[in-house]
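S.K.: Following is a predicted model, sequence given first.
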Amino acid sequence: MATQQYYGHTVEGAAMFLAEGNWQASGRVAQCGAVVVQSCTIGIFRTRERAMAEGLAWGKHWIDANQCFDHALPADLPFPAEQAEQATPAP
C-alpha cells in the first residue's frame, strides 16, 4: 500500500495480486484517522506500482472534486468561465 498526505487527508493506493501477474487497484481517503471514502475496483494493471499509483490518483481526484478549498483560486484571478469569455475573440 502506498500512502500520501494531500490537503489534510491521508490518501492510500492499494494493489491486490490477481492471477497471471495482474494487480487490482483501489483507493481510500481518510481524515483524522477516519475513512472518508473507499473506492471499488479502479482497474486491473500489469504492475503493483502502477496499481498503487492509480489508487493514489483516484483519492487525490476525489478530494479535488469533493472538498471545498478557500485557497484554490486567489481573489484577483477570474474564474475559469470568465477566462474563457475573455479569451474568445469578438466576431
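M.R.: Nice, I can see it.
S.K.: only C-alpha atoms for contact and neighbour calcs from this point on.
M.R.: OK.
S.K.: Give me the distance from stretch 38-48 to the chain's centre.
M.R.: On the basis of C-alpha atoms, centre = their mean, to the nearest Å, stretch 38-48 sits 13 Å off its chain's mean C-alpha point.
S.K.: State the mean pLDDT of that stretch.
M.R.: Averaging pLDDT along stretch 38-48 yields 96.
S.K.: Likewise for stretch 59-76?
M.R.: Here the average pLDDT along stretch 59-76 is 72.
S.K.: Buried residues in stretch 11-31, which are they?
M.R.: Neighbour-count burial for stretch 11-31 flags 11-15, 17, 22-30 (criterion: 16 or more other C-alpha atoms under 10 Å).
S.K.: Between the two ends of that stretch, what distance do you get?
M.R.: With C-alpha to C-alpha, to the nearest Å as the measure, stretch 11-31 spans 9 Å from end to end.
S.K.: got the contact list for it?
M.R.: With contact meaning C-alpha atoms under 8 Å, 6 or more residues apart in numbering, stretch 11-31 is reached by 1-5, 8-10, 35-49, 51-60, 63.
S.K.: returning to what we had before: need the max-distance pair from the buried residues of stretch 11-31.
M.R.: Pairwise distances across these (C-alpha to C-alpha) peak at 26.4 Å, for the pair N22 and A30.
S.K.: how about the strands in the protein?
M.R.: With DSSP state E as the criterion, the chain has strands at 2-6, 9-17, 23-31, 34-38, 43-45.
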